[in-house]
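> Sharing a model that was predicted from the sequence below.
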There are 2 protein chains.
Amino acid sequence: MKDFEELDLKVKSWFSEAQNFIFKSLKNKINVSTKTDRTDLVTNVDKEVEKFYISKIKESYPDAKILGEESKKNISHQDEGLLFIIDPIDGTMNFVKQQDDFASMIAIYYNGKPVLGYILEVMKNELYWGGPAFKKVFCNDIQLEQPQDKSLIEGLVQICFPFVLKNEFNAREIAAQSSGLRMYGSAGIEYIKVLEGKCVGYLSKLRTWDYAAGNILANTLGLSVVNIDENKNDVLSSKVVLISTKKTKNEILSIINDNLNS
Amino acid sequence: MKDFEELDLKVKSWFSEAQNFIFKSLKNKINVSTKTDRTDLVTNVDKEVEKFYISKIKESYPDAKILGEESKKNISHQDEGLLFIIDPIDGTMNFVKQQDDFASMIAIYYNGKPVLGYILEVMKNELYWGGPAFKKVFCNDIQLEQPQDKSLIEGLVQICFPFVLKNEFNAREIAAQSSGLRMYGSAGIEYIKVLEGKCVGYLSKLRTWDYAAGNILANTLGLSVVNIDENKNDVLSSKVVLISTKKTKNEILSIINDNLNS
């Protein structure tokens, strides 16, 4: 049995240092380059923050496995011991264009099981943290309650732009049946909206570092977390993920299936 | 010639009082009702804040004309003297569902000409204000600089959901050519994103109280403000408004025209 209290305090101190580094970096010129396409960005800050987290993890937990967005390795969630999944800057486009609405995230697995998740809303200085290790979720020092089990029609929904553009997963009908569509451009920010009960759902195609921390927090809060597409066991491939209230999950799955069957 | 300094100080004191009232109201149950359809909401707070602004205006400027979202009257911008255009809570859906990401706005005309605009980002306590009366725009005490004249491809763009849903104005192509689509659900918040240079444009169908303050601030900052649809002189009818950098304006108009001509 791991000492999760100690691990938790360490991770929080890393976030605090990383946040100071990010604030300082915003005063200097950011070096931006593209990855898979013109809207898939990486900056020197992404790389440096990831390097910083990795150095801190190696210092305290030399045997831990690490999966980072900017240093991908195909690692299994099933491995023994500690696994850290890192997204140094989630919402890099917002970071570059807005210097706002981006997150830094870490998920921790132990012996193949999720134990702790962290989403730092950097500019608001709000750290969402918790997981099975504590059976609770907090925003800074305030414990979050399970969001009300609201229907799609009662709530705001978040769907990634590619799904709306191509109407994949009947996305436009899902949005039309909700109280409104929102797009914030950062998985971390969009998970937070669901954790806070401000939106009833979030449907997007995500990679492991985008959803790992958020899924841990959402599960711990009693929200529904489902993969919509075929079963993909490769930790590096994208998955279509729906995080929502339970009622909204049933409604969205039914809208998606209506489309498939029509 | 009016004393705009005094008027400005008064308006700021009204916002300060209104904000305190809104903060208090968030602790109580909000009474929500619908207007034109199920997503067009009004609350007791919208109504009470509008009533408060009107009472303050009448106390100091008994001859002023007033146009409020919740107390519509068909008033001409050309009227002599002072005209106040009020949106007590802009983004009422966000106010109700998120208790976040909403604004309170006032626009002031004098002898038919815009003089001052105010957008209060209520939860962040950020007041965007200025206009021709001062030839400057501020966020609280900090003067805003004119945003860089960025192209659509270089920036994030905001488009209202109905246009994307029905692909009106070739909205999907506009979004696809940008760095990313964002939807925040409040005209005030979306104007602020353009004023701050965080987004290169905002395209939406808006009514007078949604765009009056934002247009004054955008014009003063050297941004482009255009009506896309046919000329409507009725102050109460909706207009399709594009607020953007100059480069982005030309590109978006060209994408819209491509569609009309194809």
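It's in.

> Check which helices and strands the helix or strand of chain A with the lowest mean pLDDT sits against.
The weakest-scoring helix or strand in chain A, judged by mean pLDDT, DSSP states H and E, is helix A:246-261 (a mean of 90). Packing partners of helix A:246-261 (3 or more CB pairs under 8 Å, 6 or more residues apart in numbering or on different chains; DSSP states H and E): helix A:171-177, strand A:201-206, strand A:224-227, strand A:239-244. Bear in mind the C-beta positions are built from the backbone N, C-alpha and C, glycine included.

> for chain A, what's the longest helix?
If you go by DSSP state H, chain A has its longest helix at helix A:4-25.

> can you give me the mean pLDDT across the following helix or strand past it?
Next helix or strand after helix A:4-25 toward the C-terminus (DSSP states H and E): strand A:32-34. The average pLDDT within strand A:32-34 is 94.

> Quick one: name the residues of the stretch 151-262 of chain A near chain B.
For the stretch 151-262 of chain A, the residues in contact with chain B (CB under 8 Å from any CB of the partner chain) are A:153, A:155-156, A:161, A:164-165, A:172, A:175-176, A:179-185, A:193, A:196, A:198-199.

> redo that, cut-off 6 Å
Residues of the stretch 151-262 of chain A lying close to chain B (CB under 6 Å from any CB of the partner chain) are A:156, A:161, A:165, A:172, A:179-183, A:185, A:198.

> Following the record's annotation, map out the domains of chain A.
A:4-143, A:152-261 (automatic domain parsing).

> highest average neighbour count across the ones you listed?
Counting by mean count of other CB atoms under 10 Å in any protein chain shown, domain A:152-261 has the highest mean neighbour count of the domains of chain A, with a mean of 21.

> roughly how far is that one from the heart of the chain?
12 Å (CA atoms, centre = their mean, to the nearest Å).

> next one: stretch A:122-130
12 Å.

> which outside residues touch that stretch?
Residues from elsewhere that reach stretch A:122-130 (CB atoms under 6 Å, 6 or more residues apart in numbering or on different chains): A:19, A:22, A:100, A:102, A:104, A:118-120, A:136-140, A:192, A:217, A:220.

> hang on, the earlier thing: helices or strands next to the longest helix of chain A in the packing?
Helix A:4-25 sits against helix A:44-60, with contacts defined as 3 or more CB pairs under 6 Å, 6 or more residues apart in numbering or on different chains; DSSP states H and E.

> need the next SSE after the helix it packs on, C-terminal direction.
Counting by DSSP H and E, what follows helix A:44-60 is strand A:65-68.

> Let me know which of the helices and strands packed on helix A:246-261 is the nearest to A:Asp87.
When those are compared by CB to CB, strand A:201-206 sits nearest A:Asp87, at 10.1 Å.

> Given the closest one, what are its sheet partners and their directions?
strand A:156-159 (parallel), strand A:239-244 (antiparallel) (DSSP bridges).

> Looking at the residues of the stretch 151-262 of chain A next to chain B, which are in strands?
Here DSSP state E is the test, and these give A:156, A:180-182 as lying in strands.

> Just send those back as JSON lines, with pLDDT too.
Formatted as JSON lines, those follow (pLDDT from 0 to 100):
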{"residue": "A:Leu156", "pLDDT": "98"}
{"residue": "A:Gly180", "pLDDT": "97"}
{"residue": "A:Leu181", "pLDDT": "98"}
{"residue": "A:Arg182", "pLDDT": "98"}
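
> Select, from those residues, the two members most distant in space.
For these, and using CB to CB, no pair is farther apart than A:Leu156 and A:Leu181, which are 7.5 Å apart.

> nearest residue to the residue of the stretch 1-150 of chain A found nearest chain B other than its sequence neighbours?
In the stretch 1-150 of chain A, the residue that lies nearest chain B is A:Gln98 (4.0 Å; CB to the nearest CB). Nearest residue to A:Gln98, sequence neighbours excluded (CB to CB, 6 or more residues apart in numbering or on different chains): B:Lys198, at 4.0 Å.

> re earlier: out of the contacts of stretch A:122-130, which comes closest to B:Pro147?
A:Asp100 (14.4 Å).

> before we move on, which element is A:Asp100 in?
Per DSSP H and E, there is no helix or strand for A:Asp100.

> Got phi/psi on it?
phi -160, psi 160 (degrees, to the nearest 10).

> What pLDDT does the model give it?
At A:Asp100, pLDDT is 97.

> on that earlier part again, which of the strands paired with strand A:201-206 sits closest to B:Arg207?
It is, among those and with distance given as CB to CB, strand A:156-159, at 21.1 Å.

> A:Val235: what secondary structure?
Three-state call for A:Val235 (DSSP: H, G, I helix; E, B strand; the rest coil): coil.

> Now that A:Val225 has come up, it's in contact with A:Asn219, right?
Yes. With contact defined as CB atoms under 6 Å, A:Val225 reaches A:Asn219; the gap is 5.5 Å.

> just for the stretch 101-250 of chain A, where's the confidence low?
A:230-234 (pLDDT under 70).

> For chain B, what's the nearest residue on the stretch 151-262 of chain A?
A:Lys198 (4.0 Å).
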